[in-house]
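[1] need the 3D shape of this:
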Amino acid sequence: MPNHSTPLETTAREVKARLDKGERLHLIDVREPFEHQTASIAGAELIPMRTIPANLQHIDSIADQAPVIVFCHHGMRSLQTVNWLRQQGVENCQSMSGGIDAWSLNVDPAVRRY
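    Next up, the predicted model:
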């Protein structure tokens with residue numbers, strides 16, 4: 001069993017603080033396209049959860065360049081995704097707890113809640 005030094009989850013406020021400090025992060029939105037059209041975070045890449053396995057090589061390569069932050073609506077799908085990615089050997093990833101809903105509540109109220 002690998003030893004994970006990076007916590008599985010991070011908060012929306014922590015992600016925003018890291019971005020504000022200039023840290024390079026890859027944001028991956030695992031929601032469905034209709035959800036992404038409703039509300040999105042600028043710069044995030046949409047890779048719906050069901051397509052994550054087909055995008056494993058791409059995600060692994062971007063995780064080599066910078067930490068990957070995975071988010072969904074409330075944080076359940078992203079946590080499942082991060083658990084799966086880590087099982088596949090992609091260590092440099094975290095789930096944003098509370099998802100885009102927490103981002104809207106705690107970081108950017110201009111992001112629509114649904």
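[2] please count neighbours and contacts with C-alpha atoms only from this point.
    OK.
[3] wait, doesn't Asp60 sit right on Gln87?
    No: with contact defined as CA atoms under 8 Å, Asp60 does not count as touching Gln87 (12.0 Å).
[4] now this structure, which segments are flagged as low pLDDT?
    Applying pLDDT under 70 to the chain flags the ranges 1-4.
[5] which residue ranges of the chain form strands?
    9-10, 26-29, 45-46, 68-71, 93-96 (DSSP state E).
[6] which strands or helices does the lengthiest helix in the chain pack on?
    The longest helix of the chain (DSSP state H) is helix 76-87. For helix 76-87, the helices and strands in contact under the criterion 3 or more CA pairs under 8 Å, 6 or more residues apart in numbering; DSSP states H and E are strand 68-71, strand 93-96.
[7] please tell me how far the residue sitting nearest the centre point of the chain sits from Ser40.
    The centroid of the chain falls nearest to Val70 when counting by CA atoms, centre = their mean (1.3 Å). Applying CA to CA, to the nearest Å, the value for Val70 to Ser40 is 13 Å.
[8] would you turn the strands of the chain into JSON lines with distance to Ser104?
    JSON lines is the format used below for the strands of the chain (distance: least, CA to CA, whole Å):
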{"stretch": "strand 9-10", "distance to Ser104": "15"}
{"stretch": "strand 26-29", "distance to Ser104": "14"}
{"stretch": "strand 45-46", "distance to Ser104": "17"}
{"stretch": "strand 68-71", "distance to Ser104": "12"}
{"stretch": "strand 93-96", "distance to Ser104": "12"}
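[9] fine by me, thanks again.
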